[in-house]
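Engineer: coords below, sequence missing:
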């Protein structure tokens, strides 16, 4: 059956429905027909698009049908080609990056404070007494004084261990416990900085070495005690005494063969409260070791109770070693300081009530200035206690009934910080810029490092509390000013001084070579020098055969002068308490400033200040 239709452009169009020809054949036939029929008439664009002839093929070449859109073939090819080339280049570059040896951009070198921190912690390794750990890393030191307590008339027979105080071999618990409290405080605040410096385990090991020894010096398992050990060894050579002791003799600790008396005390509030502070602070450092931490807390409670029950200064009575070398002026500051640490370690508010009792603060000198006001040291903890309690107000704000005295402590802390600034004349400065916290007396550096620590720490407290600074009278000062004060003082100690000398042994190229220190000054040559035999090493003008890395010496005089002579301990003797302050200041200044303090660890045992509000009532249902 054929059907004819009218070709709208002027010719017959035949559609044969019965035709079995393929579509291709039909297309060819239609193509031929169209050419003949249309050769004489121009076609518009729409008409041409209907045709399946050569012109249609040209359109196919120009456009690509992607289903949802039709795009120019040229754009399509360019796009696909660009993607393929980009993928190839990316793969090639990745291959090069992975196969070519990498040249890592070197990390910035550690700052001076971090470098000095590594050194200053080594001093504590050199001061260890007793059986040394294998990794002590001080080649010229060995086991020493293993029989401390054995041959003395004391109930505490095992007193091996602990640290020697300075250049001698006496173990004074008073300055030593202050040193351990300072180290623990610095770890609690700046554990992240210790971690970054790779020294966290080292400093914790030092603190544990000290804490373990303290537990030997009293009955730590009892709830009440009536005595504790104040020191081991003596150094009094008054009246020309020639009795061999730790000051008359000049011997390596490993060679000591003379008796080492043990001094006990029965009313020593200052010593017991400071030892309680040391154990309480250490218990926070070791809070993850629950059994050990609880042991320290129990010991601290026992000591603090003893300090309150048996009132008295440990150095009372003239002529004692304590009075001669580490005389304590009062125990009231230790009550405030120890009470604050006891509160942080236990969360027991009775300790906070004690630490914030106005009468204690008044006796400690919180309200009456004086030439030594604000000078933080092994003898006077008031400035440190006020900073420690200002922390409580800044971050927990306990309110009534503590707010009034805490606000006073906070204000007093602000005054102390003002006194550190050069614009105020509370303390003189040497021409070289060293603040004279001890008013030109010898051995100034131990006081300077403590102030540098408090200033840096307080500035970090303010920043953590989103406070940009503080007021000195009508004038506002940025926290950066405090940090700058600390830096200038520590930089002076590390070598930016008129002598161009680093007062930390082993740091820099120019440092004291004649340190007043028995172990460092006598060679380890398998010769045992007797009590007087070591004098030749004390009196020689030659440099020490052993370098006591990290030891911060006593420091220059008030004219920036320094004599590197072994015989003058006022210049060249290092101490535990001085080095602890140095370590604390260095870690506070080290590394990235934005690391800041650990706001919460110190409050781990402190219960919530305010009761938890009750949950909201259940929704009402009809």
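Structural biologist: Perfect, I can see it now. If you're wondering where the values come from, they're calculated on a predicted model, not measured in any experiment.
Engineer: would you confirm that residue 452 belongs to a helix?
Structural biologist: Yes. When the secondary structure is assigned by DSSP: H, G, I helix; E, B strand; the rest coil, residue 452 falls within a helix.
Engineer: who's in contact with it?
Structural biologist: With contact taken as C-beta atoms under 8 Å, 6 or more residues apart in numbering, residue 452 is in contact with 485, 486, 489, 490, 581, 585, 588, 589. Glycine gets a C-beta too; all of them are placed from N, C-alpha and C.
Engineer: tell me the one among those nearest to residue 287.
Structural biologist: The shortest separation between residue 287 and any of the contacts of residue 452 is 21.1 Å, and it belongs to residue 588 (by C-beta to C-beta).
Engineer: next, count neighbours for the closest residue to the closest one other than its chain neighbours.
Structural biologist: On the basis of C-beta to C-beta, 6 or more residues apart in numbering, the spatially nearest residue to residue 588 that is not a chain neighbour turns out to be residue 456, at 4.0 Å. A total of 27 residues lie near residue 456 under the criterion other C-beta atoms under 10 Å.
Engineer: so for the strand or helix carrying residue 456, what's the average pLDDT?
Structural biologist: Taking DSSP states H and E as the criterion, the element that holds residue 456 is helix 445-464. Per-residue pLDDT values over helix 445-464 give a mean of 98.
Engineer: after that helix comes which helix or strand?
Structural biologist: Tracing the chain C-terminally past helix 445-464 and defining elements by DSSP H and E, one meets strand 469-472 next.
Engineer: what about that following strand, distance to the chain center?
Structural biologist: Per C-alpha atoms, centre = their mean, to the nearest Å, the displacement of strand 469-472 from the mean C-alpha position of its chain is 25 Å.
Engineer: now do the same for the spatially closest residue to residue 137 that is not a sequence neighbour: its pLDDT.
Structural biologist: Distance criterion C-beta to C-beta, 6+ apart; nearest residue to residue 137, sequence neighbours excluded, is residue 125 at 6.0 Å. Reading off the confidence values, residue 125 has pLDDT 98.
Engineer: residue 377 sits in which helix or strand?
Structural biologist: Following DSSP H and E, there is no helix or strand that holds residue 377.
Engineer: distance of it relative to residue 506?
Structural biologist: 25 Å (C-beta to C-beta, to the nearest Å).
Engineer: quick one: which of those two has more around it?
Structural biologist: Here residue 377 and residue 506 are compared on neighbour count by other C-beta under 10 Å; more neighbours surround residue 377, at 20 against 17.
Engineer: my read: that one touches residue 446, true?
Structural biologist: Yes. Residue 377 lies in contact with residue 446 (C-beta atoms under 8 Å); the separation is 6.7 Å.
Engineer: now do the shared contacts for those two.
Structural biologist: Shared contacts of residue 377 and residue 446, defined by C-beta under 8 Å, 6+ apart, comprise residue 577.
Engineer: flag the shaky bits of the protein, pLDDT-wise.
Structural biologist: Counting by pLDDT under 70, the chain shows low-confidence ranges at 1-69, 71, 76, 97-108.
Engineer: tell me which residues of the longest helix anywhere in it are tucked away?
Structural biologist: Ranked by residue count and defined by DSSP state H, the top helix of the chain is helix 73-99. Neighbour counts over helix 73-99 (16 or more other C-beta atoms under 10 Å) mark no residue as buried.
Engineer: from here on, count from 359
Structural biologist: Yep, numbering from 359; the last one is helix 431-457 now.
Engineer: that one: what's the following helix or strand?
Structural biologist: For helix 431-457, the succeeding helix or strand toward the C-terminus, using DSSP H and E, is helix 470-484.
Engineer: so which residues make contact with that following helix?
Structural biologist: Applying C-beta under 8 Å, 6+ apart, the external contacts of helix 470-484 come out as 494-496, 499, 521, 555, 557, 560-561, 564, 567, 848-849, 852, 862-865, 877-878, 906-910, 932, 934, 937, 940-941, 944-945, 947-949.
Engineer: tell me how far the longest helix of the chain lies from the chain's centre.
Structural biologist: On the basis of C-alpha atoms, centre = their mean, the separation between the geometric centre of helix 431-457 and that of its chain is 50 Å.
Engineer: what does stretch 811-819 give?
Structural biologist: On the basis of C-alpha atoms, centre = their mean, stretch 811-819 sits 12 Å off its chain's mean C-alpha point.
Engineer: before we move on, the earlier item: the longest helix of the chain packs against which elements?
Structural biologist: helix 412-420, strand 421-423 (3 or more C-beta pairs under 8 Å, 6 or more residues apart in numbering; DSSP states H and E).
Engineer: redo that, cut-off 10 Å
Structural biologist: Based on contacts counted as 3 or more C-beta pairs under 10 Å, 6 or more residues apart in numbering; DSSP states H and E, the elements that helix 431-457 packs against are helix 412-420, strand 421-423, strand 428-430.
Engineer: residue 953 contacts residue 818, doesn't it?
Structural biologist: Yes. Using C-beta atoms under 10 Å, residue 953 and residue 818 qualify as a contacting pair, with a distance of 9.3 Å.
Engineer: can you list the buried residues in stretch 956-975?
Structural biologist: Within stretch 956-975, the residues that qualify as buried are 956, 960, 961, 963, 964, counting by 16+ other C-beta under 10 Å.
Engineer: burial of residue 769, as a residue count?
Structural biologist: 14.
Engineer: ugh, wrong one, residue 840
Structural biologist: With other C-beta under 10 Å as criterion, residue 840 counts 25.
Engineer: residue 766 now?
Structural biologist: For residue 766, the neighbour count with other C-beta under 10 Å is 17.
Engineer: and it, how far is that from residue 758?
Structural biologist: When distance is defined by C-beta to C-beta, residue 766 is 14 Å away from residue 758.
Engineer: residue 830 - nearest residue in space that isn't next to it in sequence?
Structural biologist: Excluding its sequence neighbours, the residue lying closest to residue 830 (C-beta to C-beta, 6+ apart) is residue 776, at 3.7 Å.
Engineer: residue 827 is in contact with the one you found, correct?
Structural biologist: No. Using C-beta under 10 Å, residue 776 is not in contact with residue 827, being 11.3 Å away.
Engineer: who's more crowded, those two?
Structural biologist: Set residue 776 next to residue 827 and count neighbours by other C-beta under 10 Å: residue 776 wins out with 20 against 17.
Engineer: what about the more buried one, which helix or strand?
Structural biologist: Per DSSP H and E: residue 776 is located in helix 761-777.
Engineer: how about that helix: buried residues?
Structural biologist: By neighbour count, and taking 16+ other C-beta under 10 Å as the criterion, the buried residues in helix 761-777 are 763-764, 766-768, 770-777.
Engineer: quick one: which of those residues is nearest residue 980?
Structural biologist: Nearest to residue 980 out of these is residue 764 (C-beta to C-beta; 50.8 Å).
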